[in-house]
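**Student:** I'd like to go over a predicted model; first the sequence, then the structure.
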Amino acid sequence: MTPEALAGRRCLVLGAGGFIGFNLCRALAAAGAQVHGFGRAPDFAENPAAEAWTDAEFGDHVALARALDGVEVVFHLLGGSVPGEAERDPAGDLRTNAAASLELLSLCEAAGARRLVFVSSGGTVYGPTAVLPIPEDHPTNPISVYGVHKLLVEKHLGLRAYRDGMQAMVLRVANPYGPYQRPGRGQGLVPNLILRRLSGQPIEIWGDGSTVRDYLHVDDLVRAMLAAAVYQGRHRVMNVGSGTGRSVNEVVASVDEVLGLQDAEVRHLPHRPADVPRNVLDVSRIRAELGWSTRVGWLEGLRQTAEWLRQTYGTGGVPAVAVRAP
């Protein structure tokens, strides 16, 4: 089946007001789906393309149950935290992320919503590995609270699929970037770097800049999510990334190339123990199963992101935001 099979189907996007959710809603609407957004309303001027909207918190079970009524496909992008917040308050993150997700699964079963696409973290669930790129069957040994809780949700989805036949797809996503990603939200190296360079602020990074990550343009991620929503094969966990690793220092150099700048001031902060040194995802499974591959080139994606940030923030008087490797 192709993503066009979503035409006319009722889809609920949890976290529709966020960076990924906003882009996903627009893509679903373009595919002809009936889109219901759930979560905090977006702060973008543009319409998120959702036909209906529930402005509520993830823990509002009454509102969530109502939003699930008649829904065929659920896209789960809510988690209640970012990695830094999860480290500061593990118990709180467990309640607002993992426990709330388990409540969601029960509500989905009660509402008859049998297909769910969960956006997990390809950058944290594996932990340090001796193998690059990392395949889906590699052992998972996360070294961050955020990664542990993402993996916990994955396991419960697998349990529901085994016991109840829920058609749950887990996408272990690399570091997404692109238009509509707000800087200063605790995630997102790329927009933070670009905004600091546009506003003449020094760049701050954790460690020496050698940390390697896999970066994925949001348009490519959204295409993978649409394809996963109609996938009928046997696999239930897929990596979604570019398959290419880039160090923080290389990302800084690429941003300067796109912006036509040089000699950026870089301030190095202490290394964080929860940061995995190198993470690059093996994407051979999703290519074989979904016929998916990246389409947006690295520098092209950076230019798109920089243009959106220019239009949104301008180049002067921008509030300071810390740049930290995700």
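**Tutor:** Cool, got the structure. Residues are numbered from 1 along each chain as shown.
**Student:** lowest confidence element among the helices and strands of the protein?
**Tutor:** Using mean pLDDT, DSSP states H and E, the weakest-scoring helix or strand in the chain turns out to be helix 83-88, at a mean of 81.
**Student:** Name the residues of that helix that are buried.
**Tutor:** P83, G84, E85, A86, E87 (16 or more other CB atoms under 10 Å). For glycine as for every other residue, the C-beta is placed from the backbone atoms N, C-alpha and C.
**Student:** pretty sure the third one contacts D93?
**Tutor:** Yes - with contact defined as CB atoms under 8 Å, E85 counts as touching D93 (6.7 Å).
**Student:** ok, the closest residue to P179 other than its chain neighbours to L195 distance?
**Tutor:** Using CB to CB, 6 or more residues apart in numbering and skipping residues adjacent in sequence, the residue nearest P179 is W308, 3.8 Å away. Going from W308 to L195 by CB to CB, to the nearest Å gives 11 Å.
**Student:** And for the residue nearest to P179, the neighbour number?
**Tutor:** 16 (other CB atoms under 10 Å).
**Student:** residues contacting it?
**Tutor:** By CB atoms under 8 Å, 6 or more residues apart in numbering, W308 lies in contact with G178, P179, Y180.
**Student:** can you put these in TSV and add secondary structure, distance to S284 and pLDDT?
**Tutor:** Listed next are those as TSV, based on DSSP: H, G, I helix; E, B strand; the rest coil; distance: CB to CB, whole Å; pLDDT from 0 to 100:
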residue	secondary structure	distance to S284	pLDDT
G178	coil	23	97
P179	coil	28	95
Y180	coil	29	93
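**Student:** quick one: the helices in this structure?
**Tutor:** Counting by DSSP state H, one finds helices in the chain at the ranges 19-30, 61-68, 83-88, 90-93, 100-111, 145-164, 189-198, 218-229, 248-259, 284-290, 298-313.
**Student:** As JSON lines, these with distance to A5 would be great.
**Tutor:** Putting the helices of the chain into JSON lines (distance: least, CB to CB, whole Å) gives the following:
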{"stretch": "helix 19-30", "distance to A5": "12"}
{"stretch": "helix 61-68", "distance to A5": "21"}
{"stretch": "helix 83-88", "distance to A5": "34"}
{"stretch": "helix 90-93", "distance to A5": "35"}
{"stretch": "helix 100-111", "distance to A5": "20"}
{"stretch": "helix 145-164", "distance to A5": "20"}
{"stretch": "helix 189-198", "distance to A5": "32"}
{"stretch": "helix 218-229", "distance to A5": "8"}
{"stretch": "helix 248-259", "distance to A5": "36"}
{"stretch": "helix 284-290", "distance to A5": "13"}
{"stretch": "helix 298-313", "distance to A5": "27"}
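**Student:** mind checking which of those helices is nearest T129?
**Tutor:** helix 145-164 (12.5 Å; CB to CB).
**Student:** now what about the closest one, what contacts it?
**Tutor:** 79, 81-83, 86-87, 90, 93-94, 97-98, 101-102, 105, 109, 116, 118, 120-121, 124-125, 127, 140, 142, 166-168, 170, 236-237, 274.
**Student:** how about it: buried residues?
**Tutor:** 145-154, 156-157, 160-161.
**Student:** of these, closest to Q262?
**Tutor:** Y146 (34.4 Å).
**Student:** Tell me the spatial nearest neighbour of A67, not counting adjacent residues.
**Tutor:** Per CB to CB, 6+ apart, closest to A67 is T54, 4.6 Å.
**Student:** Could you give the bridge partners of V170?
**Tutor:** With DSSP bridges applied, V170 shows beta-bridge pairing to F118, V237.
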